[in-house]
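Engineer: got a predicted model here, sequence first, then my questions.
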Amino acid sequence: MYDLVVRNGTVIDPSQGINEKMDVAVIGTRIDSIERNIPSSSAARVIDASGLLVFPGLVDIHTHVAAGLAGLCVEADIHCLPKGVTTAVDAGSTGHLLHRAFIDRVVSNSKTRLLAFLNIESLGMIESARTGKEWSSERWAELITISNGRYDEWFVNLEETIAAIRENSSALVGIKWAHHTLNTFRLARKAADIARTRLMAENHQMPEGMKYVRKGDILTHIFHNYYNRLAGGYDGLLEDGEIRQEFFTAYRKGVIFDIGHGRSSFSWDVAEKAMAEGLKPHTISTDIWRENVGSPVRNLPYVMSKMLCAGMSIEEIVAASTVTPARVIGMERVIGSLKPGMAADISIFRLETGRFIFEDSYGRKRKGSRMLRVKSVISNGTLLSS
Ligand SMILES: [Zn+2]
(Lines give C-alpha, C1' and ligand atoms only; values in the text may rest on other atoms or scores of the structure.)
Protein backbone atom coordinates (compact mmCIF):
# COMPACT_ATOMS: atom_id res chain seq x y z
CA MET A 1 0.00 0.00 0.00
CA TYR A 2 1.32 3.44 -0.97
CA ASP A 3 0.87 6.50 1.22
CA LEU A 4 0.30 8.73 -1.76
CA VAL A 5 0.02 8.47 -5.53
CA VAL A 6 0.08 11.33 -8.04
CA ARG A 7 -1.93 10.08 -11.00
CA ASN A 8 -2.60 11.09 -14.61
CA GLY A 9 -0.14 13.96 -14.79
CA THR A 10 2.52 14.58 -17.41
CA VAL A 11 5.77 13.88 -15.60
CA ILE A 12 8.79 15.89 -16.70
CA ASP A 13 11.86 14.48 -15.00
CA PRO A 14 15.03 15.27 -16.96
CA SER A 15 17.10 13.10 -14.59
CA GLN A 16 15.43 10.09 -16.21
CA GLY A 17 14.65 11.57 -19.64
CA ILE A 18 10.92 11.37 -18.89
CA ASN A 19 8.31 13.64 -20.49
CA GLU A 20 5.10 11.59 -20.61
CA LYS A 21 2.03 10.57 -18.65
CA MET A 22 3.17 8.62 -15.60
CA ASP A 23 2.04 7.99 -12.05
CA VAL A 24 4.32 8.57 -9.06
CA ALA A 25 3.95 6.60 -5.82
CA VAL A 26 5.31 7.60 -2.41
CA ILE A 27 5.92 5.56 0.73
CA GLY A 28 6.87 7.61 3.79
CA THR A 29 9.39 10.26 2.79
CA ARG A 30 10.67 8.50 -0.36
CA ILE A 31 9.60 8.04 -3.96
CA ASP A 32 8.73 4.34 -4.26
CA SER A 33 7.87 3.95 -7.92
CA ILE A 34 7.15 5.76 -11.14
CA GLU A 35 5.07 3.76 -13.63
CA ARG A 36 2.51 4.10 -16.42
CA ASN A 37 -0.49 3.03 -14.38
CA ILE A 38 -0.58 2.78 -10.60
CA PRO A 39 -4.15 1.97 -9.49
CA SER A 40 -5.88 4.39 -7.12
CA SER A 41 -6.90 1.45 -4.97
CA SER A 42 -3.24 0.87 -4.05
CA ALA A 43 -2.88 4.22 -2.28
CA ALA A 44 -4.13 5.79 0.94
CA ARG A 45 -4.25 9.16 -0.81
CA VAL A 46 -4.58 9.97 -4.50
CA ILE A 47 -3.78 13.30 -6.12
CA ASP A 48 -5.32 13.68 -9.57
CA ALA A 49 -2.91 15.60 -11.77
CA SER A 50 -4.94 15.34 -14.99
CA GLY A 51 -3.96 18.16 -17.34
CA LEU A 52 -1.09 19.17 -15.07
CA LEU A 53 2.71 18.92 -15.12
CA VAL A 54 4.52 16.93 -12.44
CA PHE A 55 8.14 17.90 -11.70
CA PRO A 56 10.65 16.84 -9.07
CA GLY A 57 10.55 19.40 -6.22
CA LEU A 58 12.33 22.53 -7.40
CA VAL A 59 15.82 23.45 -6.18
CA ASP A 60 16.72 27.16 -5.98
CA ILE A 61 20.46 27.55 -5.42
CA HIS A 62 20.48 31.33 -4.94
CA THR A 63 18.11 32.60 -2.24
CA HIS A 64 18.32 34.74 0.91
CA VAL A 65 16.36 32.88 3.56
CA ALA A 66 18.27 33.38 6.83
CA ALA A 67 15.14 35.06 8.16
CA GLY A 68 15.67 36.85 11.47
CA LEU A 69 19.46 36.85 11.08
CA ALA A 70 20.04 39.17 8.13
CA GLY A 71 17.63 41.98 7.29
CA LEU A 72 17.50 41.24 3.57
CA CYS A 73 16.11 37.73 4.01
CA VAL A 74 12.64 36.32 3.41
CA GLU A 75 11.04 33.23 4.91
CA ALA A 76 11.46 30.15 2.74
CA ASP A 77 8.26 28.58 4.08
CA ILE A 78 6.31 31.58 2.73
CA HIS A 79 8.15 32.45 -0.48
CA CYS A 80 9.77 29.18 -1.60
CA LEU A 81 7.96 26.02 -0.51
CA PRO A 82 4.39 27.09 -1.42
CA LYS A 83 5.70 27.95 -4.91
CA GLY A 84 7.09 24.44 -5.46
CA VAL A 85 10.65 25.10 -4.24
CA THR A 86 11.25 22.19 -1.87
CA THR A 87 14.98 22.99 -1.48
CA ALA A 88 16.37 26.51 -1.10
CA VAL A 89 20.07 27.31 -0.81
CA ASP A 90 20.95 30.51 0.97
CA ALA A 91 23.67 32.35 -0.93
CA GLY A 92 25.87 34.01 1.65
CA SER A 93 23.39 35.85 3.86
CA THR A 94 25.47 34.63 6.79
CA GLY A 95 29.19 34.27 7.32
CA HIS A 96 30.87 32.07 9.88
CA LEU A 97 29.82 34.29 12.82
CA LEU A 98 26.14 33.48 12.30
CA HIS A 99 26.27 30.10 10.61
CA ARG A 100 25.52 28.23 13.84
CA ALA A 101 22.41 30.35 14.43
CA PHE A 102 21.39 29.76 10.83
CA ILE A 103 21.62 25.98 11.24
CA ASP A 104 20.14 25.78 14.76
CA ARG A 105 17.36 28.34 14.42
CA VAL A 106 16.48 28.65 10.76
CA VAL A 107 17.33 25.34 9.08
CA SER A 108 16.00 23.16 11.88
CA ASN A 109 12.68 25.05 12.05
CA SER A 110 12.07 25.17 8.32
CA LYS A 111 9.72 22.95 6.32
CA THR A 112 11.64 23.93 3.19
CA ARG A 113 14.88 21.94 2.96
CA LEU A 114 17.56 24.58 3.53
CA LEU A 115 21.25 24.58 2.71
CA ALA A 116 23.74 27.43 2.39
CA PHE A 117 26.82 28.86 0.79
CA LEU A 118 28.78 30.48 3.62
CA ASN A 119 29.81 34.07 2.94
CA ILE A 120 33.59 34.53 2.87
CA GLU A 121 33.01 37.69 4.92
CA SER A 122 32.51 36.78 8.57
CA LEU A 123 29.56 39.15 8.98
CA GLY A 124 27.70 37.89 5.93
CA MET A 125 25.13 40.38 4.68
CA ILE A 126 23.96 41.81 7.98
CA GLU A 127 24.45 45.40 6.85
CA SER A 128 21.16 45.41 5.01
CA ALA A 129 18.59 47.61 6.74
CA ARG A 130 15.46 45.91 8.02
CA THR A 131 13.25 48.59 6.56
CA GLY A 132 13.46 51.17 3.86
CA LYS A 133 14.38 51.03 0.22
CA GLU A 134 18.13 51.46 0.50
CA TRP A 135 20.43 48.45 0.50
CA SER A 136 21.98 49.62 3.73
CA SER A 137 21.64 52.36 6.29
CA GLU A 138 24.88 51.33 7.97
CA ARG A 139 27.92 53.52 7.27
CA TRP A 140 30.54 50.95 8.26
CA ALA A 141 29.63 48.74 5.31
CA GLU A 142 31.14 51.42 3.08
CA LEU A 143 34.57 50.60 4.47
CA ILE A 144 34.69 47.44 2.48
CA THR A 145 33.57 49.03 -0.74
CA ILE A 146 35.42 52.35 -0.76
CA SER A 147 38.74 51.57 0.81
CA ASN A 148 40.11 50.00 -2.34
CA GLY A 149 40.95 46.72 -0.70
CA ARG A 150 42.84 48.27 2.22
CA TYR A 151 40.62 46.85 4.92
CA ASP A 152 38.81 44.01 3.23
CA GLU A 153 40.96 41.29 4.79
CA TRP A 154 39.70 42.47 8.17
CA PHE A 155 36.27 41.24 7.18
CA VAL A 156 37.48 37.71 6.47
CA ASN A 157 38.54 35.04 8.95
CA LEU A 158 39.89 32.22 6.82
CA GLU A 159 40.48 29.75 9.66
CA GLU A 160 37.04 30.07 11.21
CA THR A 161 35.32 30.02 7.80
CA ILE A 162 37.14 26.83 6.80
CA ALA A 163 36.40 25.24 10.18
CA ALA A 164 32.68 26.05 9.82
CA ILE A 165 32.53 24.38 6.39
CA ARG A 166 34.37 21.31 7.67
CA GLU A 167 32.12 20.95 10.70
CA ASN A 168 28.85 21.43 8.83
CA SER A 169 29.45 19.95 5.42
CA SER A 170 25.92 18.54 5.17
CA ALA A 171 24.33 22.02 5.48
CA LEU A 172 27.06 24.25 4.03
CA VAL A 173 27.55 23.36 0.38
CA GLY A 174 30.20 25.95 -0.47
CA ILE A 175 31.66 29.43 -0.10
CA LYS A 176 29.98 32.57 -1.43
CA TRP A 177 31.80 35.59 -2.78
CA ALA A 178 29.60 38.61 -3.23
CA HIS A 179 30.33 41.77 -5.24
CA HIS A 180 33.19 43.17 -3.20
CA THR A 181 36.90 43.39 -3.93
CA LEU A 182 39.14 41.12 -5.96
CA ASN A 183 41.08 40.49 -2.79
CA THR A 184 38.06 38.95 -1.04
CA PHE A 185 37.41 36.96 -4.23
CA ARG A 186 40.97 35.59 -3.91
CA LEU A 187 40.38 34.70 -0.27
CA ALA A 188 37.10 32.97 -1.14
CA ARG A 189 38.99 30.85 -3.69
CA LYS A 190 41.59 30.00 -1.07
CA ALA A 191 38.97 29.03 1.52
CA ALA A 192 37.12 26.84 -0.99
CA ASP A 193 40.35 25.07 -1.95
CA ILE A 194 41.42 24.40 1.64
CA ALA A 195 37.92 23.28 2.70
CA ARG A 196 37.64 21.21 -0.52
CA THR A 197 34.32 22.71 -1.46
CA ARG A 198 32.86 24.72 -4.32
CA LEU A 199 32.67 28.46 -4.78
CA MET A 200 29.61 30.46 -5.76
CA ALA A 201 30.89 33.76 -7.09
CA GLU A 202 28.87 36.70 -8.26
CA ASN A 203 29.61 37.62 -11.85
CA HIS A 204 31.57 40.76 -10.94
CA GLN A 205 35.16 41.97 -11.17
CA MET A 206 35.41 40.31 -14.58
CA PRO A 207 37.44 39.43 -16.46
CA GLU A 208 40.13 39.60 -13.71
CA GLY A 209 38.01 37.56 -11.28
CA MET A 210 37.79 34.64 -13.68
CA LYS A 211 41.22 33.44 -12.52
CA TYR A 212 39.58 32.43 -9.23
CA VAL A 213 36.80 30.36 -10.81
CA ARG A 214 37.20 26.62 -11.48
CA LYS A 215 35.26 23.75 -13.02
CA GLY A 216 32.22 22.99 -10.86
CA ASP A 217 32.11 26.50 -9.36
CA ILE A 218 29.01 28.59 -9.89
CA LEU A 219 28.96 32.03 -11.49
CA THR A 220 25.70 33.63 -10.43
CA HIS A 221 24.06 36.84 -11.81
CA ILE A 222 25.42 35.56 -15.12
CA PHE A 223 23.23 37.87 -17.26
CA HIS A 224 23.50 41.09 -15.28
CA ASN A 225 24.19 44.42 -16.94
CA TYR A 226 25.11 46.46 -13.96
CA TYR A 227 27.63 49.22 -13.50
CA ASN A 228 29.80 48.22 -10.55
CA ARG A 229 31.20 51.38 -8.97
CA LEU A 230 33.81 49.33 -7.13
CA ALA A 231 35.15 47.87 -10.37
CA GLY A 232 34.57 51.17 -12.16
CA GLY A 233 32.67 49.61 -15.04
CA TYR A 234 30.36 46.96 -16.41
CA ASP A 235 32.15 44.00 -14.95
CA GLY A 236 30.09 41.03 -16.16
CA LEU A 237 29.64 39.10 -19.39
CA LEU A 238 29.89 41.97 -21.85
CA GLU A 239 32.63 44.40 -22.78
CA ASP A 240 31.68 47.08 -25.30
CA GLY A 241 28.59 45.06 -26.22
CA GLU A 242 30.48 41.83 -26.94
CA ILE A 243 30.86 38.71 -24.81
CA ARG A 244 34.27 38.49 -23.20
CA GLN A 245 36.20 35.45 -24.49
CA GLU A 246 36.94 34.35 -20.91
CA PHE A 247 33.29 33.34 -20.52
CA PHE A 248 33.35 30.97 -23.49
CA THR A 249 36.47 29.36 -22.04
CA ALA A 250 34.87 29.06 -18.59
CA TYR A 251 31.68 27.56 -20.06
CA ARG A 252 33.69 24.94 -21.96
CA LYS A 253 35.72 24.19 -18.83
CA GLY A 254 32.60 23.30 -16.81
CA VAL A 255 31.93 26.47 -14.82
CA ILE A 256 28.22 26.60 -13.95
CA PHE A 257 26.33 29.60 -15.35
CA ASP A 258 23.51 30.49 -12.95
CA ILE A 259 20.75 33.05 -13.46
CA GLY A 260 20.51 34.55 -9.92
CA HIS A 261 17.90 37.00 -11.26
CA GLY A 262 17.77 39.46 -8.38
CA ARG A 263 16.70 43.07 -8.30
CA SER A 264 19.50 44.25 -10.58
CA SER A 265 21.06 41.16 -12.12
CA PHE A 266 18.98 39.95 -15.08
CA SER A 267 19.02 41.75 -18.42
CA TRP A 268 16.94 40.55 -21.37
CA ASP A 269 19.51 42.02 -23.79
CA VAL A 270 22.44 40.20 -22.18
CA ALA A 271 20.49 36.93 -21.81
CA GLU A 272 19.38 36.94 -25.43
CA LYS A 273 22.84 37.75 -26.76
CA ALA A 274 24.51 35.09 -24.61
CA MET A 275 21.99 32.39 -25.48
CA ALA A 276 22.23 33.21 -29.20
CA GLU A 277 25.97 32.59 -28.88
CA GLY A 278 25.53 29.24 -27.15
CA LEU A 279 25.79 30.27 -23.51
CA LYS A 280 22.59 28.76 -22.14
CA PRO A 281 22.35 28.96 -18.35
CA HIS A 282 22.88 25.66 -16.55
CA THR A 283 20.80 26.60 -13.52
CA ILE A 284 17.84 28.92 -12.93
CA SER A 285 17.75 30.65 -9.56
CA THR A 286 16.00 33.67 -8.11
CA ASP A 287 18.31 35.55 -5.72
CA ILE A 288 15.05 36.15 -3.87
CA TRP A 289 15.24 38.69 -1.04
CA ARG A 290 13.06 41.30 0.56
CA GLU A 291 13.33 43.95 -2.16
CA ASN A 292 12.64 41.75 -5.21
CA VAL A 293 10.03 39.31 -3.98
CA GLY A 294 7.25 41.56 -5.31
CA SER A 295 8.94 42.41 -8.60
CA PRO A 296 10.85 41.57 -10.75
CA VAL A 297 11.62 38.13 -9.25
CA ARG A 298 8.45 36.97 -7.43
CA ASN A 299 9.39 33.27 -7.21
CA LEU A 300 11.25 30.49 -9.02
CA PRO A 301 8.38 29.26 -11.28
CA TYR A 302 8.01 32.88 -12.45
CA VAL A 303 11.71 33.09 -13.35
CA MET A 304 11.41 29.68 -15.06
CA SER A 305 8.50 31.09 -17.11
CA LYS A 306 10.78 34.00 -18.12
CA MET A 307 13.37 31.53 -19.36
CA LEU A 308 10.68 29.72 -21.36
CA CYS A 309 9.93 33.12 -22.88
CA ALA A 310 13.67 33.50 -23.58
CA GLY A 311 13.56 30.36 -25.73
CA MET A 312 14.54 27.51 -23.42
CA SER A 313 12.38 24.38 -23.75
CA ILE A 314 10.17 23.10 -20.96
CA GLU A 315 12.56 20.16 -20.41
CA GLU A 316 15.48 22.60 -20.20
CA ILE A 317 13.87 24.88 -17.61
CA VAL A 318 12.90 21.86 -15.49
CA ALA A 319 16.42 20.39 -15.72
CA ALA A 320 17.86 23.80 -14.78
CA SER A 321 15.65 23.91 -11.67
CA THR A 322 15.86 20.29 -10.51
CA VAL A 323 18.53 17.76 -11.45
CA THR A 324 21.23 20.22 -12.51
CA PRO A 325 21.20 22.42 -9.38
CA ALA A 326 21.00 19.23 -7.27
CA ARG A 327 24.14 17.92 -9.00
CA VAL A 328 25.90 21.27 -8.75
CA ILE A 329 25.61 21.22 -4.94
CA GLY A 330 26.40 17.50 -4.66
CA MET A 331 22.85 16.47 -3.68
CA GLU A 332 21.89 14.49 -6.79
CA ARG A 333 21.43 11.27 -4.83
CA VAL A 334 18.77 12.87 -2.63
CA ILE A 335 16.85 15.57 -4.51
CA GLY A 336 16.08 16.86 -8.00
CA SER A 337 14.71 13.59 -9.37
CA LEU A 338 11.68 11.29 -9.12
CA LYS A 339 13.74 8.11 -9.22
CA PRO A 340 12.69 5.48 -6.67
CA GLY A 341 14.54 6.05 -3.40
CA MET A 342 14.83 9.83 -3.79
CA ALA A 343 13.25 12.26 -1.29
CA ALA A 344 9.50 12.47 -2.01
CA ASP A 345 9.61 16.10 -3.17
CA ILE A 346 7.09 16.61 -5.98
CA SER A 347 5.81 19.89 -7.42
CA ILE A 348 2.71 20.04 -9.60
CA PHE A 349 2.04 22.91 -12.01
CA ARG A 350 -0.43 24.14 -14.56
CA LEU A 351 1.13 25.61 -17.71
CA GLU A 352 -1.18 28.50 -18.40
CA THR A 353 -1.28 30.00 -21.88
CA GLY A 354 -2.12 33.62 -22.60
CA ARG A 355 -0.33 36.96 -22.96
CA PHE A 356 2.18 37.75 -20.26
CA ILE A 357 4.61 40.66 -19.93
CA PHE A 358 7.94 39.72 -18.37
CA GLU A 359 10.12 42.53 -17.07
CA ASP A 360 13.86 42.23 -16.44
CA SER A 361 15.80 44.00 -13.67
CA TYR A 362 16.16 47.16 -15.77
CA GLY A 363 12.51 47.69 -16.78
CA ARG A 364 12.86 46.11 -20.23
CA LYS A 365 9.89 43.97 -21.23
CA ARG A 366 9.21 40.90 -23.33
CA LYS A 367 5.93 39.26 -24.27
CA GLY A 368 5.49 35.62 -23.38
CA SER A 369 2.71 33.13 -23.90
CA ARG A 370 3.25 30.57 -21.12
CA MET A 371 3.26 30.83 -17.35
CA LEU A 372 3.82 28.14 -14.74
CA ARG A 373 1.29 28.25 -11.89
CA VAL A 374 1.81 26.03 -8.90
CA LYS A 375 -1.06 23.69 -8.02
CA SER A 376 0.25 21.31 -5.33
CA VAL A 377 3.48 20.69 -3.49
CA ILE A 378 4.61 17.49 -1.79
CA SER A 379 7.61 17.94 0.49
CA ASN A 380 9.30 14.87 1.99
CA GLY A 381 6.12 12.87 1.37
CA THR A 382 3.77 15.42 2.93
CA LEU A 383 1.19 17.26 0.83
CA LEU A 384 1.28 20.95 1.64
CA SER A 385 -2.10 22.27 2.58
CA SER A 386 -3.02 25.14 0.29
ZN1 LIG B 1 22.08 37.14 -3.68
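Structural biologist: Yep, it's here.

Engineer: give me the element Leu372 is part of.
Structural biologist: Using DSSP states H and E, Leu372 falls within strand 365-379.

Engineer: ok, the helix or strand just after that strand: who's next to it in the sheet?
Structural biologist: Later in the chain than strand 365-379, the nearest helix or strand by DSSP H and E is strand 382-383. Partners of strand 382-383 in the sheet, by DSSP bridges, are strand 365-379 (antiparallel).

Engineer: give me the buried positions along the strand it pairs with.
Structural biologist: Residues 368, 371-372, 374-379 are the ones in strand 365-379 that count as buried (16 or more other Cβ atoms under 10 Å). Heads up, the C-betas are built off the backbone N, CA and C, glycines and all.

Engineer: quick one: low-confidence parts of the stretch 1-150 of the chain?
Structural biologist: 129-137, 145, 148 (pLDDT under 70).

Engineer: stretch 58-67 and the ion in contact?
Structural biologist: No. Remark: stretch 58-67 sits outside contact range of the ion, by Cβ under 5 Å from the ion, the gap being at least 5.7 Å.

Engineer: next one: that stretch to chain centre, how far?
Structural biologist: Relative to its chain's centre, stretch 58-67 lies at 6 Å (Cα atoms, centre = their mean, to the nearest Å).

Engineer: against which helices or strands is the longest helix anywhere in the chain packed?
Structural biologist: Longest helix in the chain, counting residues (DSSP state H): helix 182-194. Helix 182-194 is packed against helix 158-167, strand 172-177, strand 198-202, with contacts defined by 3 or more Cβ pairs under 8 Å, 6 or more residues apart in numbering; DSSP states H and E.

Engineer: strand partners (parallel or antiparallel) of the helix or strand that the shortest one is followed by?
Structural biologist: Sequence-wise, the next helix or strand beyond strand 198-202 is strand 218-220, with elements assigned using DSSP H and E. Listed by DSSP bridges, the sheet partners of strand 218-220 and their directions read strand 198-202 (parallel), strand 256-257 (parallel).

Engineer: who wins for proximity to Thr10 among those strands?
Structural biologist: strand 256-257 (27.9 Å; Cβ to Cβ).

Engineer: what mean pLDDT does the closest one get?
Structural biologist: For strand 256-257, the mean pLDDT works out to 98.

Engineer: quick one on the thing from earlier: turn the buried residues of strand 365-379 into CSV, including distance to the ion and pLDDT.
Structural biologist: Listed next are those as CSV, based on distance: Cβ to the ion, whole Å; pLDDT from 0 to 100:
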residue, distance to the ion, pLDDT
Gly368, 24, 97
Met371, 24, 98
Leu372, 22, 98
Val374, 23, 98
Lys375, 28, 97
Ser376, 28, 98
Val377, 23, 98
Ile378, 28, 98
Ser379, 23, 98
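
Engineer: how about the helices and strands packed on helix 182-194 in JSON lines, adding mean pLDDT and mean neighbour count?
Structural biologist: Below are the helices and strands packed on helix 182-194 laid out as JSON lines (pLDDT from 0 to 100; neighbours: other Cβ atoms under 10 Å):
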{"stretch": "helix 158-167", "mean pLDDT": "97", "mean neighbour count": "18"}
{"stretch": "strand 172-177", "mean pLDDT": "98", "mean neighbour count": "28"}
{"stretch": "strand 198-202", "mean pLDDT": "98", "mean neighbour count": "27"}
